[in-house]
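K.L.:
Quick one, structure for this:
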Amino acid sequence: MASIKAFFNKDQSDTPGPRFGDKVSPEILAKLFPVRTFSEEIRQSFAEQNHVELISAGTTLFTIDSPADCAIYLISGIISFTDQNGRSYEIKADSAQAKFPICSGAKHTTTAVAQTDISILKVSLNIMSTCNRFQHRAIEIPENARDNRLLALFVDHYQNHELEVPSLPEVALKLRQAIEKDVNLEDAVKIIQLDPVISAKLIEVANCPLYLTVVPARNCLEAVNRIGLNATRNLVIALSIRQVFKSKVPQIKLRLERLWKQSLYLSTLCHVLAATSQQANPEDALLAGLICDIGAIPFLNFAANLPADFIIEDEIKRALSLVSGVVGATVLKEWQFADEFIDVALNSKNWYQNSTNELSLTDIVVLARLHGLIGKHGNGELPAITAIPAASKLKGMALSPENTLSILHDAKAKIHAALTIFSTRV
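P.N.:
This next block holds a predicted model:
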């Protein structure tokens, strides 16, 4: 890494630079967006398959309105660009702009000319669909939070695309990829059994009161057969995601432990509500409840790396309320979750969200979250559960402001049993 830093800090004339056909190093890829958001293993593979090209000074790389068949990164040298209004600007290889592709759409919007000898990396345009999918949302700092040092530092970190997103656990990633390729039941079980702890936990879940069963599942195959392949995928993600709720800083570790327990409770409420209403897949709902506050993790990990005087409880609490949703959406996009889960991260703290006519996963999490808060100390200013839009979408279920979701009260035993299984560290 030190040699790469030296490369970017030297003047172009002092640096031999890459040669034609050289493989691009993983260290350089780690600086490029969105490539740097990929796992280290994927970046290593990417480095093996992609090579640097050298372009002589004065060469026109592309012209305005010409079709594009690839995305291009500037690795060394300087390129000048002219837009449709005749305005010109330059991008240098050691600049912030060079972290992003110099072109990535289906058609070029500028004319680009090499000002010096340059080296570039061409990649498939398909990789940029990742960038479009992982759309970067701005975080606005309201006037009353301008004095929050922690928030200001984090927002700057986030806006510069430097957010460190935790990796989705390997067994969950492999299982999801396999299911997308129509894997059969037996092969899916083989993947799950690569992690014996997850496999054992899955059997426990299949036998817990959330699933009505007379004959208990005795092995992983019977558990997956009972639950179903897609439901198993979500449960495996839910079981393995515990691994990202961790920190070595005591104050941050304590907060992450509390967040995990809150997320577990919320997720089991969501499962029961979805199963009873029969308006959503219960395992989807369980996973939605578990990931709805996932955006807190990168923020808390960022805080953990700062000096101790920045870890102020009040500042953390105020900042989390502003960044959790947007950061959560970013994390879930990079984990390639479906849009309905991303909407959960963005809107599940908005009691009055109402983007669909039918009961959505976001509606279920909102109902479960409000139910969990009603009656707790310090949560007096809450709407009546019957007054929020999500409540009107429930079918065949009576609600009352006094009893909130009576069905969840009746399912206390189920919820407690599920919490006992999920709470145990994997």
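K.L.:
you'd agree Gly372 is up against Leu264?
P.N.:
No: checked against C-beta atoms under 8 Å, the pair Gly372 and Leu264 is beyond contact range at 11.2 Å. Every residue, glycine included, has its C-beta placed from N, CA and C.
K.L.:
Give me the more crowded residue out of those two.
P.N.:
Leu264 (21 against 18; other C-beta atoms under 10 Å).
K.L.:
these two touch, right, the more buried one and Cys292?
P.N.:
No: contact criterion C-beta under 8 Å: Leu264 and Cys292 do not qualify, at 11.8 Å.
K.L.:
Find the residue at the geometric middle of this protein.
P.N.:
For the chain, the residue sitting closest to the mean C-alpha position, by C-alpha atoms, centre = their mean, is Val331 at 1.6 Å.
K.L.:
which SS state does that residue fall under?
P.N.:
Three-state call for Val331 (DSSP: H, G, I helix; E, B strand; the rest coil): helix.
K.L.:
number of nearby residues for Asp22?
P.N.:
So Asp22, with other C-beta under 10 Å, has 14 neighbours.
K.L.:
I'd say it and Leu54 touch.
P.N.:
No: judged on C-beta under 8 Å, Asp22 makes no contact with Leu54 at a distance of 9.1 Å.
K.L.:
mind giving me the domain ranges of the chain?
P.N.:
In terms of domains, the chain is parsed into 2-133, 143-163+245-423 (source: automatic domain parsing).
K.L.:
quick one, which of those is packed in tightest?
P.N.:
domain 143-163+245-423 (a mean of 18; mean count of other C-beta atoms under 10 Å).
K.L.:
from the middle of its chain, how far away would that domain be?
P.N.:
14 Å (C-alpha atoms, centre = their mean, to the nearest Å).
K.L.:
Could you point out the longest helix of this structure?
P.N.:
helix 250-277 (DSSP state H).
K.L.:
Give the next helix or strand downstream of that one.
P.N.:
helix 282-291 (DSSP states H and E).
K.L.:
Just the C-alpha atoms of that next one, please, in CSV.
P.N.:
The C-alpha trace of helix 282-291 is given here as CSV (Å, rounded to 0.1, in the frame of the first residue of the first chain):
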residue,chain,number,x,y,z
PRO,A,282,-43.1,-14.3,7.3
GLU,A,283,-39.4,-14.9,6.6
ASP,A,284,-39.2,-11.8,4.5
ALA,A,285,-40.8,-9.9,7.3
LEU,A,286,-38.4,-11.4,9.9
LEU,A,287,-35.4,-10.4,7.7
ALA,A,288,-36.9,-6.9,7.2
GLY,A,289,-37.2,-6.4,10.9
LEU,A,290,-33.6,-7.5,11.5
ILE,A,291,-32.1,-5.2,8.8
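K.L.:
Now the element after it, going C-ward?
P.N.:
Immediately after helix 282-291, counting by DSSP H and E, sits helix 296-304.
K.L.:
counting contacts, what elements does that following helix pack onto?
P.N.:
helix 149-159, helix 250-277, helix 313-334 (3 or more C-beta pairs under 8 Å, 6 or more residues apart in numbering; DSSP states H and E).
K.L.:
returning to what we had before: wait, the residue nearest to the centre of the chain touches Phe299, no?
P.N.:
No: judged on C-beta under 8 Å, Val331 makes no contact with Phe299 at a distance of 10.4 Å.
K.L.:
what ranges do the strands span in the stretch 301-426 of the chain?
P.N.:
Per DSSP state E, counting those that start in this stretch, the stretch 301-426 of the chain carries no strands over any range.
K.L.:
now it, which segments are flagged as low pLDDT?
P.N.:
Low-confidence segments of the stretch 301-426 of the chain (pLDDT under 70): 375-380, 396-414, 417-419, 421-426.
K.L.:
again, only using 50
P.N.:
403 (pLDDT under 50).
K.L.:
Could you do the chain as well?
P.N.:
1-16, 129-135, 403.
K.L.:
need the contact list for the residue of the chain most remote from its centre.
P.N.:
Here the chain reaches farthest from its C-alpha mean at Gly58, the gap being 41.8 Å by C-alpha atoms, centre = their mean. Contacts for Gly58 (C-beta atoms under 8 Å, 6 or more residues apart in numbering) come out as Val113, Ala114.
K.L.:
sorry, back to before: how about CSV for the domains of the chain, with distance to Asn230 added?
P.N.:
Shown next, in CSV, are these (distance: least, C-beta to C-beta, whole Å):
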stretch, distance to Asn230
domain 2-133, 21
domain 143-163+245-423, 7
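K.L.:
end-to-end on stretch 200-219?
P.N.:
8 Å (C-alpha to C-alpha, to the nearest Å).
K.L.:
Which of the residues in it are classified as buried?
P.N.:
For stretch 200-219, the neighbour count (16 or more other C-beta atoms under 10 Å) marks Lys201, Leu202, Ile203, Glu204, Val205, Ala206, Asn207, Cys208, Leu210, Tyr211, Ala217 as buried.
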